[in-house]
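Enquirer: Structure of the sequence below:
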Amino acid sequence: MPTTRETVLAALLARLELLAATVLRDDVSPERIPPAGLIILRDGQPGEPDVTLSPLRYHYQHRAELEVVVQAGTSRASAFDTLIASIGTALETDRTLGGLCDWVEPEAPASVDLPIEGAAALKAAIITVVLHYTTNGPLA
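Expert: Numbering: from 1, shown residues only. As a prediction, the model looks like this:
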């Protein structure tokens, strides 16, 4: 049976896979960026939990990361903005990921242009997504 952590991350991945962009999990960037963009979900860190004792529960604020990349020539900024907005909409549709999380909160992206020799530059950002969830134990 999967852990709560894995179940929540799988639900986040499933939510992102509904988008037009290619979505990967903990994978290396492909040589070519798909036309609709690329999102790579990095599992991130659960951090130190808050603990309640009766009943014993561990309350995490897990910080997963989304690497978001587009390469769309002259419309790069627009394509990037559209992809970022679609991620926001997908997460706002169900902030509990079907009841698996107490709350899902994306942080604002800090974008950067990455020049590529002989090709159109990439526009990329890392978006931290804070996943608030509770488990029965640190390995549950």
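Enquirer: which residues touch the spatially most central residue of the chain?
Expert: Taking Cα atoms, centre = their mean, the centroid of the chain lies closest to residue 66, which sits 3.7 Å from it. Residue 66 makes contacts with 16, 39, 40, 41, 42, 87, 106, 126, 127, 128, 129, as judged by Cβ atoms under 8 Å, 6 or more residues apart in numbering. C-beta coordinates here come from the backbone N, C-alpha and C atoms, glycine included.
Enquirer: Next, count neighbours for the closest residue to it other than its chain neighbours.
Expert: The spatial neighbour of residue 66 that comes closest, neighbours along the chain excluded (Cβ to Cβ, 6 or more residues apart in numbering), is residue 127 at 4.4 Å. When neighbours are defined as other Cβ atoms under 10 Å, residue 127 has 20 of them.
Enquirer: got it, and the one 3 residues further on?
Expert: Applying other Cβ under 10 Å, we find 17 residues neighbouring residue 130.
Enquirer: just curious, which of the contacts of residue 66 is nearest to residue 57?
Expert: The closest of those to residue 57 turns out to be residue 129 (Cβ to Cβ; 21.9 Å).
Enquirer: For the closest one, list each beta-bridge partner.
Expert: When assigned by DSSP bridges, residue 129 has beta-bridge partners residue 64, residue 106.
Enquirer: surely it meets residue 65?
Expert: Yes. Residue 129 lies in contact with residue 65 (Cβ atoms under 8 Å); the separation is 7.3 Å.
Enquirer: For the protein, give me the ranges with low pLDDT.
Expert: Applying pLDDT under 70 to the chain picks out residues 73-74.
Enquirer: Now do the longest helix along it: which elements does it pack against?
Expert: Ranked by number of residues, the top helix in the chain under DSSP state H is helix 76-93. Contacts defined by 3 or more Cβ pairs under 8 Å, 6 or more residues apart in numbering; DSSP states H and E place helix 76-93 against helix 4-16, strand 56-70, strand 103-106, strand 119-135.
Enquirer: Restrict the longest one to CA atoms and write it as PDB.
Expert: As requested, the backbone C-alpha atoms of strand 119-135 are provided in PDB (Å, rounded to 0.1, in the frame of the first residue of the first chain):
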ATOM      1  CA  ALA A 119      18.100  27.700 -31.000                       C
ATOM      2  CA  ALA A 120      15.300  29.700 -29.500                       C
ATOM      3  CA  ALA A 121      15.900  30.600 -25.900                       C
ATOM      4  CA  LEU A 122      14.000  28.700 -23.200                       C
ATOM      5  CA  LYS A 123      11.800  30.400 -20.600                       C
ATOM      6  CA  ALA A 124      11.800  28.500 -17.400                       C
ATOM      7  CA  ALA A 125      10.700  28.700 -13.700                       C
ATOM      8  CA  ILE A 126      10.500  26.600 -10.600                       C
ATOM      9  CA  ILE A 127       7.200  26.700  -8.900                       C
ATOM     10  CA  THR A 128       7.100  25.400  -5.300                       C
ATOM     11  CA  VAL A 129       3.900  23.700  -4.500                       C
ATOM     12  CA  VAL A 130       3.200  23.300  -0.700                       C
ATOM     13  CA  LEU A 131       1.200  20.200   0.000                       C
ATOM     14  CA  HIS A 132      -0.400  20.200   3.500                       C
ATOM     15  CA  TYR A 133      -1.300  16.600   4.600                       C
ATOM     16  CA  THR A 134      -1.400  14.500   7.700                       C
ATOM     17  CA  THR A 135      -0.100  11.000   8.300                       C
END
